[in-house]
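Participant: Test case, fold it:
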Amino acid sequence: MGSVLSPVGSQPPRVYWMRRVFVLGLPLILIVIIAVSCGGGSKSPSASSDGGPSSGSKTTSGSKGACAPGDLSAALSTSATTYQVGQQPAFTATITNTSTVPCQLTTSPSNETWKVLSGAAHWWTTAGCPKSTASSTKTLNAGASRKVSITWDGHRLEPGCTAGEAALPGTYHLKAILDGVSAQQVTFHFTKNTQ
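Facilitator: The predicted structure follows:
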């Protein structure tokens, strides 16, 4: 025990004490470094997942995700309220983002169903007929709108998506479901061709 506390040798006692500090301190320093690096590594990912970049990416994806039908409203309009028999009415739907955050709206004829009725008689529809699969995606800010349009040739739709007789004079109703959103119907009229 005395030789441990009072080093014996040809070197000054300070040299022996330095050697002991080095031999005993080096493993201690390595243990501390390992503990800090392991502890710091585990804290870093959890910190970033709680409030770092991944949290920001959640916000971005939430605000820039696809528009859900519940986030949208649709309003229909016709190019005129009255047409002469033989004319081709143009229809427009205005789709509005009614949510409080931007979303991605993809419009495509394949996601649109337009119908024209007169009383209980179905005159024309895009359902079941070949449609373009082209699509367009646009960021729709909160409260912003996007318009889609289509033109009806003014004839009854026959089986096989062929054109039948021209629309008769009378009252007609336009209905549409666009990207899962039902629009309130609008009314328009056909009158006899005066020419």
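
Participant: chain center to stretch 112-121: distance?
Facilitator: Centroid displacement of stretch 112-121 relative to its chain, using C-alpha atoms, centre = their mean, to the nearest Å, is 30 Å.

Participant: same check, this time on stretch 188-195
Facilitator: Worked out by C-alpha atoms, centre = their mean, stretch 188-195 lies 43 Å from the chain centre.

Participant: What's the mean pLDDT across it?
Facilitator: What stretch 188-195 shows for mean pLDDT is 86.

Participant: which residues make contact with that stretch from outside it?
Facilitator: 78, 80-87, 89, 154, 167-172, 174 (C-beta atoms under 8 Å, 6 or more residues apart in numbering). Backbone N, C-alpha and C define where each C-beta goes, glycine included.

Participant: again with stretch 105-117
Facilitator: Against stretch 105-117 from outside (C-beta under 8 Å, 6+ apart): 66-67, 72, 91, 93, 95, 97, 122-127, 131-140, 146, 148, 150, 152, 172-180.

Participant: C-terminal to the lowest-mean-pLDDT helix or strand in the chain, what's the next element?
Facilitator: Scoring the helices and strands of the chain by mean pLDDT, DSSP states H and E places helix 53-64 at the bottom, with a mean of 40. Sequence order places strand 72-78 as the next helix or strand after helix 53-64, per DSSP states H and E.

Participant: got any ranges where the chain has weak pLDDT?
Facilitator: 1-9, 11, 15-17, 21-23, 25-26, 36, 38-64, 195 (pLDDT under 70).

Participant: try 50 this time
Facilitator: 41-62 (pLDDT under 50).

Participant: Could I get the full set of helices for it?
Facilitator: 2-5, 13-51, 53-64 (DSSP state H).

Participant: ok so, going back, what about burial for the contacts of stretch 105-117, which qualify?
Facilitator: Buried residues within the contacts of stretch 105-117, counting neighbours by 16 or more other C-beta atoms under 10 Å: 67, 72, 91, 93, 95, 97, 123-126, 140, 146, 148, 152, 172, 174-179.

Participant: among the residues you listed, which are in strands?
Facilitator: If you go by DSSP state E, the buried ones among the contacts of stretch 105-117 have 72, 91, 93, 95, 97, 123-125, 140, 146, 148, 172, 174-178 in strands.

Participant: ok, and the closest non-adjacent residue to the residue nearest the centre of the chain?
Facilitator: Centroid-nearest residue in the chain: residue 66, 1.4 Å away (criterion: C-alpha atoms, centre = their mean). Excluding the flanking residues, the one nearest residue 66 by C-beta to C-beta, 6 or more residues apart in numbering is residue 104, at 5.2 Å.

Participant: Touching, residue 85 and residue 172? I think so.
Facilitator: No - with contact defined as C-beta atoms under 8 Å, residue 85 does not count as touching residue 172 (11.5 Å).

Participant: Would you mind extracting the C-alpha trace of stretch 183-195 into PDB?
Facilitator: The C-alpha trace of stretch 183-195 is given here as PDB (Å, rounded to 0.1, in the frame of the first residue of the first chain):
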ATOM      1  CA  ALA A 183     -73.200  20.000 -57.800                       C
ATOM      2  CA  GLN A 184     -76.700  21.500 -57.400                       C
ATOM      3  CA  GLN A 185     -78.600  21.200 -60.700                       C
ATOM      4  CA  VAL A 186     -79.200  24.200 -62.900                       C
ATOM      5  CA  THR A 187     -82.100  24.700 -65.400                       C
ATOM      6  CA  PHE A 188     -82.000  25.800 -69.000                       C
ATOM      7  CA  HIS A 189     -84.500  25.800 -71.900                       C
ATOM      8  CA  PHE A 190     -84.700  24.900 -75.600                       C
ATOM      9  CA  THR A 191     -87.100  26.800 -77.800                       C
ATOM     10  CA  LYS A 192     -88.100  26.300 -81.400                       C
ATOM     11  CA  ASN A 193     -85.600  27.400 -84.000                       C
ATOM     12  CA  THR A 194     -87.100  30.600 -85.500                       C
ATOM     13  CA  GLN A 195     -84.900  30.600 -88.600                       C
END
